[in-house]
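*Asks:* kindly generate the corresponding structure for this input.
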Amino acid sequence: MTLAENLVLEIKAELGRRDQSRSDLAADLGLSRQGMSNKLNGHSELTITELEKVSKTFGIPARILVARAEQAETDTVTVPVAPADT
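*Replies:* So this is what the prediction gives:
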């Protein structure tokens, strides 16, 4: 997955932790419900300005949200393992 995809997953997870709806976040960002849905479903990307608004809404620095997304990206990387010598 890309960093952008993992960032969206992190935003969705944070919405779940807060028991907050996508509609609530859309209102906080000044987006329509459909616009927010497009962002969270990967049909359009979040802008830096929107990320800043998400950060402010959640009370979490944007760098932390990005760091969580980066961590998820590295957690899903599969490192090939060389076969054992027999």
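*Asks:* from the chain's centre, how far out does the helix or strand bottoming out on mean pLDDT in the chain sit?
*Replies:* The helix or strand of the chain with the poorest confidence is helix 62-75; it has a mean of 89 (mean pLDDT, DSSP states H and E). Mean C-alpha position of helix 62-75 versus that of the full chain (Cα atoms, centre = their mean, to the nearest Å) differs by 8 Å.
*Asks:* same deal with stretch 30-49?
*Replies:* On Cα atoms, centre = their mean, the centre of stretch 30-49 falls 11 Å from the chain's centre.
*Asks:* and the end-to-end length of it?
*Replies:* Stretch 30-49 has its terminal residues 11 Å apart, counting by Cα to Cα, to the nearest Å.
*Asks:* what's in contact with that stretch?
*Replies:* The contact list for stretch 30-49 (Cβ atoms under 8 Å, 6 or more residues apart in numbering) reads 4-5, 7-8, 11-12, 22-23, 25-26, 29, 50, 53-54. All C-beta atoms are positioned from the backbone trio N, CA, C, and that covers glycine.
*Asks:* perfect, I'm done here.
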